[in-house]
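**Student:** Pasting the sequence and the predicted coordinates here, then a few questions.
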Amino acid sequence: MATDIKCPNCGNQFEPNEAIREEVEKELRSKAADWQKKKNEEFQVKLDEEKKRMQQSMEENIRKSITADFENKLNLAEQNNKDNEEKLKLARAKELEFLKRENELKNKEAELELSVQKKLQEEREKLSVEIRKLEEQRNAAKETEFQLKVKDLEEKLESQKKLAEEMRRKAEQGSMQSQGESQELLLEELLRATFPFDLVAEVAKGVRGADCIQTVRNNLGQECGKIIFESKRTKDFSNDWIEKIKADMRKQGAEIAVIVTQALPKDLDRFGEKEGVWICSFAEVKPVVQMLRDGIIKLSTALKSQDNKGDKMHLLYDYLTSREFAEQWQAIREGFLSMRNSIQKERDAMERLWKAREKQLDKVVLSAAHVRGSIEGISGTDVDLNLLENGDEDLEE
């Protein structure tokens, strides 16, 4: 079908021929190519702009994503830091609490130790007071006895002074009889003063026999024997004195005879025994009589121990089976049991105290282990918080 072409100038229509058709098609193809090129350029521009916009958008998104990730990581790090700080604060608070408890425990231990020491000191003071009282009572009794003895000695010394003064006065008179009597009196006073428990009796003037007789007594006041004395104050010793005092000894029933003389026998240069009679000077009277007196007491005790031996056994049996002995033994037993119970109570109290301290120490060690574990978990490193030396705390756990 032919296509008519209308001229734009004249309006005439004509059918295009082959040449015009080719020209038109060429022109159309050129315009189409230009249009296509223009569209392609516009599209390329739009495509470049879209690519640029998309790249900027992607860069922005990437930037925002990276920023968000960084902020998230930063927030997470800050949160972890806050958590670590809280844990560290908690650990420090626990450590502070542990130190406070440790100080309180030390204070309580110190107070308890102080209380125990005070109690012991009070008991020692009470015991010291009781001992001092007993000692004061003993000293008072000894002081009283000593004062009595001193008083007796003072009185005897005064009498001896008077006697010595009397003897000196009589000696000045030159009477041998008076001198002898003075020695007799002085001998009696010496025996009474030296042996106050014994009985010293003077033989009456004009009666034949010894000058004085000493009746020996033991600590119980029992008579054990007799010693007779003959006092001589002459320049020469006479052997007749020995026979005479031996006869007096038998007559008086005495066990020992003593001659106190100024002149000793020729065969004696100091005191000694001769023919069953003891001879000594006045200066030797005290030790000689002490020796003889002890012998008499021991001999008497030995002899009396054999007397009524069966009766004594019965008396001993009666005493051991008596109520008095039972009560005394019961008192001794009660005192012993009281002391033993007191010691046992003190031992039990100390055992309880030690057990309580061990439990408190175990709690402290366990709490310290928990604190150390928490700190190591937070920090990731080992922390030296052992309460015991050389790692013994781990052994305890």
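**Tutor:** Yep, it's here.
**Student:** Give me the nearest residue to residue 226, chain neighbours excluded.
**Tutor:** Once flanking residues are discounted, residue 226 sits nearest to residue 254: 3.9 Å by CB to CB, 6 or more residues apart in numbering. Glycine gets a C-beta too; all of them are placed from N, C-alpha and C.
**Student:** Now do the SS call for that neighbour.
**Tutor:** At residue 254 the chain is in coil, as set by DSSP: H, G, I helix; E, B strand; the rest coil.
**Student:** tally of neighbours for it?
**Tutor:** Residue 254 has 22 neighbouring residues, counting by other CB atoms under 10 Å.
**Student:** Residue 189 now?
**Tutor:** 17.
**Student:** Could you do residue 107 as well?
**Tutor:** By other CB under 10 Å, neighbour count at residue 107 equals 10.
**Student:** which residues in the stretch 101-250 of the chain form helices?
**Tutor:** Applying DSSP state H, counting those that start in this stretch to the stretch 101-250 of the chain gives helices spanning 176-194, 240-252.
**Student:** Out of those, indicate the one that is most buried.
**Tutor:** The highest mean neighbour count among the helices of the stretch 101-250 of the chain, using mean count of other CB atoms under 10 Å, belongs to helix 176-194: a mean of 18.
**Student:** What segments of the protein are strands?
**Tutor:** Under the criterion DSSP state E, strands of the chain are mapped to 5-6, 13-14, 199-202, 212-217, 223-232, 256-261, 272-274, 277-280.
**Student:** Reformat those into JSON lines and put mean neighbour count and distance to residue 328 next to each item.
**Tutor:** Output for the strands of the chain, formatted as JSON lines (neighbours: other CB atoms under 10 Å; distance: least, CB to CB, whole Å):
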{"stretch": "strand 5-6", "mean neighbour count": "12", "distance to residue 328": "169"}
{"stretch": "strand 13-14", "mean neighbour count": "10", "distance to residue 328": "173"}
{"stretch": "strand 199-202", "mean neighbour count": "14", "distance to residue 328": "35"}
{"stretch": "strand 212-217", "mean neighbour count": "21", "distance to residue 328": "29"}
{"stretch": "strand 223-232", "mean neighbour count": "22", "distance to residue 328": "30"}
{"stretch": "strand 256-261", "mean neighbour count": "24", "distance to residue 328": "41"}
{"stretch": "strand 272-274", "mean neighbour count": "14", "distance to residue 328": "48"}
{"stretch": "strand 277-280", "mean neighbour count": "22", "distance to residue 328": "46"}
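**Student:** a markdown table please, covering these and showing mean pLDDT and distance to residue 153.
**Tutor:** As requested, those are exported to a markdown table (pLDDT from 0 to 100; distance: least, CB to CB, whole Å):
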| stretch | mean pLDDT | distance to residue 153 |
| --- | --- | --- |
| strand 5-6 | 64 | 188 |
| strand 13-14 | 63 | 193 |
| strand 199-202 | 86 | 16 |
| strand 212-217 | 89 | 19 |
| strand 223-232 | 88 | 22 |
| strand 256-261 | 89 | 22 |
| strand 272-274 | 86 | 30 |
| strand 277-280 | 89 | 23 |
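**Student:** Looking at those, spot the one closest to residue 136.
**Tutor:** strand 212-217 (32.0 Å; CB to CB).
**Student:** quick one, the closest one and strand 256-261 angle?
**Tutor:** On the basis of axes from the mean of the first three to the mean of the last three CA atoms, to 10 degrees, strand 212-217 is oriented at 140 degrees to strand 256-261.
**Student:** Partner strands of strand 212-217 and their direction?
**Tutor:** Strand 212-217 sits in its sheet next to strand 199-202 (antiparallel), strand 223-232 (antiparallel), going by DSSP bridges.
**Student:** Distance to residue 367 added to those, as JSON lines?
**Tutor:** Formatted as JSON lines, the strands paired with strand 212-217 follow (distance: least, CB to CB, whole Å):
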{"stretch": "strand 199-202", "distance to residue 367": "88"}
{"stretch": "strand 223-232", "distance to residue 367": "83"}
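**Student:** Residue ranges in the stretch 51-200 of the chain under the pLDDT threshold?
**Tutor:** The stretch 51-200 of the chain contains residues with pLDDT under 70 at 144, 148, 164, 167-182.
**Student:** coming back round to it: so which of the strands of the chain gets nearest residue 331?
**Tutor:** It's strand 212-217; of the strands of the chain, that one is closest to residue 331 (CB to CB) at 33.4 Å.
**Student:** would you turn the helices of the stretch 101-250 of the chain into a markdown table with distance to residue 358?
**Tutor:** Formatted as a markdown table, the helices of the stretch 101-250 of the chain follow (distance: least, CB to CB, whole Å):
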| stretch | distance to residue 358 |
| --- | --- |
| helix 176-194 | 70 |
| helix 240-252 | 84 |
